[in-house]
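K.L.:
okay, predicted coordinates and the sequence, questions at the end:
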Amino acid sequence: MSNPGDLAGLHALTGKRFWRALDDLIDQPGFRARIGAAFPALATGAGDWRRRDILKCLGGAIALAGLDGCERQPDEEAMPFVEQPEGAEPGIARFYATAVEMDGVAQPVIGKTREGRPIKLEGNGDHPASLGATNAFTQAALLDLYDPARSGAPLFQGQPTSWSRVDTALAELRSRLDGQAGAGFHLITGPVGSPTLRRQIASLLDRWPQARWHVHAPVGDPTVSNERLHLDRAHVTVSFDADLLGPGPHQIWHATQWGARRRAFQTGRGGAALFVAEPSPTMTGVTATRRLVASGTRMRALVEALATDLGVRAAPPIRLSSLERAWVGEAAAALRRNPGRGLVVAGPEQPRDVHELTRAIDRHLGNLSATRSHFAPPSGPRPQDMAALAAAIRRGEARSLFLLDINPFHSAPDLKPLLARLPLRIHAGLHVDESAATAHWHLPMPHLLESWSDGRAADGSALLVQPLVRPWLDVRSRHALLERLMGGERGDRAIVRETWPAILEDEAWTQALVSGTIPDSQPVAAAPQSARTQQAREDKAAEGLSLLVRPDPTIWDGRYASNPWLQELPKPLTKITWGNAVHISPALARERGLASGDMVRLSVGDRSVAGPVWIVPGQERRTLLVHLGHGRQRGGPVAQGTGFDAYPLVGAKGEVRIDRIDGREEVATTQHHFAMKGDEFIRFVDTLADALPPGPPRANFFSAQKSSPGWGMAIDLDLCIGCNACVVACVAENNIPMVGKEQVAKGREMHWLRVDRYYEGPPDDPRHAFQPVPCMHCEDAPCEMGCPVNAAVHSPDGLNLQVYNRCIGTRTCSAYCPYKVRRFNWFDLTAKDPPELRAARNPEVSVRGRGVMEKCTYCIQRISAARITAKKEDRPIRDGEVATACQAACPTQAIVFGDIFDGKSAVSRRKASGRDYDLLPETNTRPRTSYQARIRSGEEEA
Amino acid sequence: MLGLALGGRDYARSSYQSQVGWVQDQPVPFSHKHHVGDEGIDCRYCHTSVEDSEHAGLPPTHTCMTCHSQLWTGAKVLEPVRQSLLTGRPIRWQRVAQLPDYVQFNHSIHVNRGVACIECHGRIDQMPLTWRARPFQMQFCLDCHRDPAPHLRPRQWVTRMAPPDWSEAQKRAYGERVMQAHRIDPKTLDNCEICHR
């Protein structure tokens, strides 16, 4: 890691254009030697083996290799159905439209099941809020279903009990509440989008008028916003620290629309300019055509300056720095050029009046009705916030608490002592988490993928949630729990059906289930309302530090902490896995003499947390950032023990301080891993009309391959927003094992697809770029030449493949691979998997054993399935019939796959673009995966 | 060491290893000879998904009982079948035709192209108890994948037990016509990824 002295060298750039990390930029000799080995792990532990010893062992191994595979196949049982349900043919996948939920927003999916087990989620292409796309959270929801740490039995004071006892206790509670009109009963939920749940809460409050309903949203919007942005209609978007494309419940909605807008721009249909002012890099800022580094406290001034520039308000000129002035000037000019096609938004941390002002700008330019829409809020009771609950407890009015799938004992540490005073606390949730551990009763709930429910998607329309599998644990859904509380006995499906009289007919109900949409369920459009209430933020002194506390980009507010797919997913910008850090700017690191990994105490007023720092290029000088959701005390072996808990800092007031404390902590980051040797991995063109200069002709004595089909992939860097949906989709599709923090730190993560992030320019304000790197499927693949046992082979349709049962693990192929896309099974990562995780595997993909090399296959199992279908129908495979898992998940359609020798296929059209280039052309490998350069501009030249 | 290697090779090809001709203990002594040979029941009556799915499918207990609720209702050997229907617990058969986990085999495409059941499963109509007729080893698969022509027959004869009354030349001629019509290229049929993925 870099030490403070070297950071001074940052100003004198070493002439390297693209860099991944600060150490890289400084180009320390020791650092280069360390990453020179593709796997840092090799540097240690190789031991003192002598060459002769190795040869001796090798000889013995070869002699015995002939006996390998001589093990007689173990006997296996086959158990057919007793009575085969209709359509349950073994070996044939079935697909169901359903949804998973995030912060009360339903994410429409199609669930694929094999032999009754859900094995993959894809976006619902027929639903306007998905259009077939997903994000990392939605992809990873599948593993939550199979989480071995899920709670499977009700608990009373920590001891297992039975549902009949729960029912008795609920009956007692019910009769008491009936007598007191519900006084003292408080129901706490997360943001509620499900119409059925709203209906149930309404009838609960009807029956017990003195009962109270509170919504606890640790991050984000407690009311489930009624405003929808339409990025696809916005030729110019100006964002004041609003991470529209970043992780969150509306990510798929925003990203699909941004992708559509940007693709329209590429084909000459209007602009796609994105202006972002932000204190810390976000995915939106990185995607922006013009990014401004500005403190969160400067947002008000910037919005006011923009408003003044556009004549929205007459005000004395605002003092801006020259950089700020230039950014505002450009944004204003772009908005003026595109009246009715612009969008100005402020981030959730900005106060209400700033939001009002952005809306006033949009109104002034005639954008308001074009790029935003508003819905009437759902009818029924309005929830109260958690402050009202705290007040009721202090007044001594609250007596019983029902926590429905929410964990305030982790996410609201201030409330903990108050909540703990209540004489009856009931917790319902999927895990025995912090709240369950202190509750009197814990009631286990099913995952949404095994329940009947409903929800509202990001576009506001309603959909039905149907189970992909019957719950295998002894659980009750949220609807059933509220039904029981009120004395009913009906099952989930009956409760949900009651909510939807319009589709009561069996045929209409079935149609809604098949399509995953409920017709005519769009909420009524409404006039724009006043902005969501925000806590006013006092502007801090310019010299002081300001702190941003944000949800984690992978485990969100902590609810996904038990999901290893998300824990091991490198965070889009820092590439940190299995933990969090205090993000600081390079300037502050220089000033305080801090290096990444140094431990600090971060305090706000009288609250403090301790954690390692991480230097984030492009972060505003005086801004600090921490991610929530880590430092879990309960909730399962995966959730516990990663990172530090930042919740104590939420809402803390006072001076922000950062003090170095003793020690260092290893932060498991993948940013150096699998580094390629060379330069110009990322290419840019300035405008739409520009093309990349043609490369020099390269001699090659291998003749070029041609076949039908010939598979290839095109990845448009101009569309990639670095959201990681592809990475998790690949993990889910290809049974990729997770390795844990220690092994990630050694560079042994197994992701077949990685998303590299590069910087260009000065560390204080670099330009960022993302680059997804799957296998290149080189026509002249170096890995194939390196394999001594011919386990790396080439298929006639252009795939470069690994034969696992042939591989003896020499790792030569990995050493030969210039793109560093091969992954080695250092350990048996799968044999100890509990039965739940085995059930989650895709049966169409082999599970790899120890000592075997593996890599991206272009989803060969999907190609094979399409080939077999096409052969049965005696026709060629159609363009678009094979979608790789990464391609299917991508919300911006950055990835296209198909037959590159079919001139009409989508992929060959992409590759015909002037922006098309190969990675590491000097290696002359003729890669089948190619990239399209990023376009710097966002508007056509006038 | 050489002896070990050669011995290993013989062992690998032995019927002990390949389990060809070995009979497994089954909960019910099911006779394909009786059902197929004597009664003439078509394979697909029980193995229903063979034309659509990668798995041929084992019959659910219900299928057995369509006949055996009428015939041999008191037979002692059928007790496990009746118990299965009564208790709802599946019959636990021992698998006879079994491939390693790293091999992906799809019944439907083989059947649809006219590879007869007997090509891999042998004359099942002559087996009083079921055994493995062919060594399910890579060499066996490759022999056919590299030269499929003599193993193909008309689609509607796939489940027929007796081989067609054709000379070797006729077999080959027919197979070659099929391969031409369906564009089956043996050069691509022995690629690793056809089975291993």
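P.N.:
Cool, got the structure.

K.L.:
and the residue positioned nearest the centre of chain A, what does it touch?
P.N.:
For chain A, A:Ala136 is the residue whose C-alpha lies nearest the centre (Cα atoms, centre = their mean; 3.4 Å). Residues near A:Ala136 by Cβ atoms under 8 Å, 6 or more residues apart in numbering or on different chains: A:Pro247, A:Thr554, A:Leu566, A:Leu569, A:Cys723, A:Asn724, A:Ala725, A:Val727, A:Val728. All C-beta spots, glycine's among them, are computed from the backbone N, C-alpha and C.

K.L.:
what about 10 Å?
P.N.:
A:247, A:251, A:553-554, A:560, A:565-566, A:569, A:572, A:723-729, A:731, A:889 (Cβ atoms under 10 Å, 6 or more residues apart in numbering or on different chains).

K.L.:
pLDDT weak spots in chain A?
P.N.:
Applying pLDDT under 70 to chain A picks out residues A:1-16, A:24-51, A:54, A:57-71, A:221-224, A:528-543, A:941-942.

K.L.:
would you tell me which helix is longest in it?
P.N.:
Looking across chain A with DSSP state H, the single longest helix is helix A:163-180.

K.L.:
other residues contacting it?
P.N.:
Contacts of helix A:163-180 (Cβ under 10 Å, 6+ apart): A:153-156, A:161-162, A:182-185, A:204, A:207-208, A:210-211, A:399-400, A:402, A:424, A:426, A:440-444, A:474-476, A:481, A:484-487, A:489.

K.L.:
okay, and the residue in the stretch 251-400 of chain A positioned nearest to chain B sits in which element?
P.N.:
Proximity of the stretch 251-400 of chain A to chain B (Cβ to the nearest Cβ) peaks at A:Ile252, 29.6 Å away. Using DSSP states H and E, A:Ile252 sits within helix A:251-266.

K.L.:
now do the next helix or strand along the chain from that helix and helix A:251-266, the angle between them.
P.N.:
Per DSSP H and E, the first helix or strand lying C-terminal to helix A:251-266 is strand A:273-278. On the basis of axes from the mean of the first three to the mean of the last three Cα atoms, to 10 degrees, strand A:273-278 is oriented at 140 degrees to helix A:251-266.

K.L.:
please name every helix or strand in contact with the next helix or strand after strand A:273-278.
P.N.:
Sequence order places helix A:283-287 as the next helix or strand after strand A:273-278, per DSSP H and E. Identification of packing neighbours for helix A:283-287 by 3 or more Cβ pairs under 10 Å, 6 or more residues apart in numbering or on different chains; DSSP states H and E yields strand A:236-240, helix A:251-266, strand A:273-278, strand A:290-293, strand A:767-773.

K.L.:
how about 7 Å then?
P.N.:
Helices and strands touching helix A:283-287, by 3 or more Cβ pairs under 7 Å, 6 or more residues apart in numbering or on different chains; DSSP states H and E, are strand A:273-278.

K.L.:
relative to the strand it packs on, what are the paired strands and their orientations?
P.N.:
Here strand A:273-278 has these sheet partners by DSSP bridges: strand A:236-240 (parallel), strand A:290-293 (parallel).

K.L.:
export the longest one as CSV, just CAs?
P.N.:
Looking back up the chat, that one is strand A:236-240. Extracted as CSV, the C-alpha positions of strand A:236-240 are listed here (Å, rounded to 0.1, in the frame of the first residue of the first chain):
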residue,chain,number,x,y,z
VAL,A,236,-30.3,16.5,-20.5
THR,A,237,-30.3,15.4,-16.9
VAL,A,238,-28.8,17.5,-14.2
SER,A,239,-28.3,15.7,-10.9
PHE,A,240,-27.3,17.3,-7.6
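
K.L.:
gap between it and the chain center?
P.N.:
The chain centre lies 22 Å from the centre of strand A:236-240; the measure is Cα atoms, centre = their mean, to the nearest Å.

K.L.:
and for that strand, what's in contact with it?
P.N.:
A:231, A:271, A:273-277, A:284, A:299, A:302-303, A:331, A:334-335, A:338, A:341-347, A:350, A:358 (Cβ atoms under 7 Å, 6 or more residues apart in numbering or on different chains).

K.L.:
try 8 Å this time
P.N.:
A:231, A:244, A:271, A:273-278, A:284, A:288, A:299, A:302-303, A:306, A:331, A:334-335, A:337-338, A:341-347, A:350, A:354, A:358, A:938-939.

K.L.:
where does pLDDT dip in chain B?
P.N.:
For chain B, applying pLDDT under 70 flags the ranges B:1-2, B:5-6.

K.L.:
can you give me the helices for it?
P.N.:
Under DSSP H, chain B gives helices at B:2-13, B:15-18, B:32, B:43-46, B:61-68, B:79-87, B:107-112, B:117-121, B:138-146, B:168-181, B:186-189, B:192-195.

K.L.:
also the stretch 351-500 of chain A?
P.N.:
Per DSSP state H, counting those that start in this stretch, the stretch 351-500 of chain A carries helices over the ranges A:352-364, A:368-371, A:386-394, A:408-411, A:416-419, A:434-438, A:478-485, A:492-499.

K.L.:
the ones you listed: which one's closest to B:Gly7?
P.N.:
helix A:434-438 (60.7 Å; Cβ to Cβ).

K.L.:
still on that earlier bit, please spell out the PyMOL selection for the buried subset of the contacts of strand A:236-240.
P.N.:
Selecting only the buried entries of the contacts of strand A:236-240 in PyMOL, with 16 or more other Cβ atoms under 10 Å in any protein chain shown as the criterion:
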select buried, chain A and resi 231+244+271+273+274+275+276+277+278+284+288+299+302+303+306+331+334+335+338+341+342+343+344+345+346+347+350+354+358+938+939
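
K.L.:
for A:Gln384, which non-adjacent residue is spatially closest?
P.N.:
Distances taken as Cβ to Cβ, 6 or more residues apart in numbering or on different chains put A:His214 closest to A:Gln384, at 5.0 Å, once the chain neighbours are dropped.

K.L.:
so B:Tyr16 sits against B:Pro135, correct?
P.N.:
No - under the criterion of Cβ atoms under 8 Å, B:Tyr16 is not in contact with B:Pro135, lying 11.1 Å apart.

K.L.:
between those two, which is the more surrounded one?
P.N.:
Shown here are B:Tyr16 and B:Pro135; by other Cβ atoms under 10 Å in any protein chain shown, B:Pro135 has more neighbours (18 against 10).

K.L.:
which residues touch the more buried one?
P.N.:
Under the criterion of Cβ under 8 Å, 6+ apart, the contact list for B:Pro135 reads B:Arg13, B:Ser15, B:Ser18, B:Gln19, B:Val20.

K.L.:
can you show me the strands along the stretch 701-850 of chain A?
P.N.:
Applying DSSP state E, counting those that start in this stretch to the stretch 701-850 of chain A gives strands spanning A:711-716, A:754-760, A:767-773, A:792-794, A:800-802, A:823-824.

K.L.:
which ones are touching the residue sitting nearest the centre point of chain B?
P.N.:
With distances taken as Cα atoms, centre = their mean, the residue of chain B nearest its centroid is B:His121 (3.5 Å). Applying Cβ under 8 Å, 6+ apart, we find B:His121 in contact with B:Ala97, B:Ala133, B:Arg134.

K.L.:
kindly report the same for A:Tyr96.
P.N.:
A:Tyr96 neighbours (Cβ under 8 Å, 6+ apart): A:Ile110, A:Gly111, A:Thr113, A:Gln466, A:Leu468, A:Leu513.

K.L.:
let's see that with 10 Å instead.
P.N.:
Shown in contact with A:Tyr96 (Cβ under 10 Å, 6+ apart): A:109-113, A:118, A:449, A:466-469, A:513-514, A:516.

K.L.:
give me the secondary structure label for A:Leu143.
P.N.:
helix (DSSP: H, G, I helix; E, B strand; the rest coil).

K.L.:
would TSV of the strands of the stretch 701-850 of chain A with mean neighbour count and distance to A:Asp916 be doable?
P.N.:
Below are the strands of the stretch 701-850 of chain A laid out as TSV (neighbours: other Cβ atoms under 10 Å in any protein chain shown; distance: least, Cβ to Cβ, whole Å):
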stretch	mean neighbour count	distance to A:Asp916
strand A:711-716	25	7
strand A:754-760	21	19
strand A:767-773	21	14
strand A:792-794	22	23
strand A:800-802	26	20
strand A:823-824	24	27
